[in-house]
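**Q** Generate coordinates for the sequence data below:
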Amino acid sequence: MSNAASNTAVSRSALSRFALPALVLPGMLVAAALLSSAASAQTMATPTMTTRAITDTMKKSGSYVVYTKAAFDAAKGTQRVLFFHATWCPNCKAADADIKKNLAQLPAGVTIFKTDYDKEPALKKQYGITYQHTFVLVDPQGKALKKWAGGNLRDIIANTKKANAN
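**A** Numbering: from 1, shown residues only. Model prediction:
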């Protein structure tokens, strides 16, 4: 084999070793991200539910949903608690796991909104939130009734019961 033919064979071989993974890897990453978000979405209310169906479900049982303005507004007839969490916060992760594990204990008519601390600056400003792992119980007009730092589902239940007693 001539030198030119040998160099061409080596170039093609090296190209196929590096080009194929470079083309396949991004597609695999996108697929993994989609599967991950689909798995976590199963624990929250589905976005395809109608506003009325979401509201009816929230009134009949306690709910834990990702905060959106539409979902928050739809839950106006329930006790609404904003849970300001951050994905990087270990205390927030523990509270999230506790809420999910014990969701059956959440009283009917209480809705917890998992509110992203890093993506909701307007809400942080509105409620004076300065750090993650903060909870805010709001009235039907959205005014803060009670705000507390830290805790888990037991604390949420206790604070919503106190609000009912007043």
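
**Q** Could you report the distance from the residue nearest to residue 149 when sequence neighbours are not counted to residue 70?
**A** Leaving aside its sequence neighbours, residue 149 sits nearest to residue 134 (Cβ to Cβ, 6 or more residues apart in numbering; 5.2 Å). All C-beta atoms are positioned from the backbone trio N, CA, C, and that covers glycine. In this view, residue 134 and residue 70 are 23 Å apart by Cβ to Cβ, to the nearest Å.

**Q** more crowded one of these two?
**A** Neighbour totals were compared for residue 134 and residue 70, and residue 134 leads with 22 against 11 (other Cβ atoms under 10 Å).

**Q** contacting residues for that one?
**A** By Cβ atoms under 8 Å, 6 or more residues apart in numbering, the contact set of residue 134 is 84, 147-149.

**Q** Residue 138 and residue 88, how far apart?
**A** According to Cβ to Cβ, residue 138 stands 25 Å off from residue 88.

**Q** Correction: the previous question concerned residue 68.
**A** In terms of Cβ to Cβ, residue 68 sits 21 Å off from residue 88.

**Q** helices and strands of the protein: which one has the lowest mean pLDDT?
**A** Counting by mean pLDDT, DSSP states H and E, the weakest-scoring helix or strand in the chain turns out to be helix 3-41, with a mean of 44.

**Q** Can you show me the strands along the chain?
**A** Counting by DSSP state E, one finds strands in the chain at the ranges 63-66, 79-85, 110-116, 134-138, 144-149.

**Q** Just name the most buried of those strands.
**A** Most buried of the strands of the chain by mean neighbour count (mean count of other Cβ atoms under 10 Å) is strand 79-85; its value is a mean of 25.

**Q** who does that one pair up with?
**A** strand 110-116 (parallel), strand 134-138 (antiparallel) (DSSP bridges).

**Q** got any ranges where the protein has weak pLDDT?
**A** Applying pLDDT under 70 to the chain flags the ranges 1-61, 165-166.
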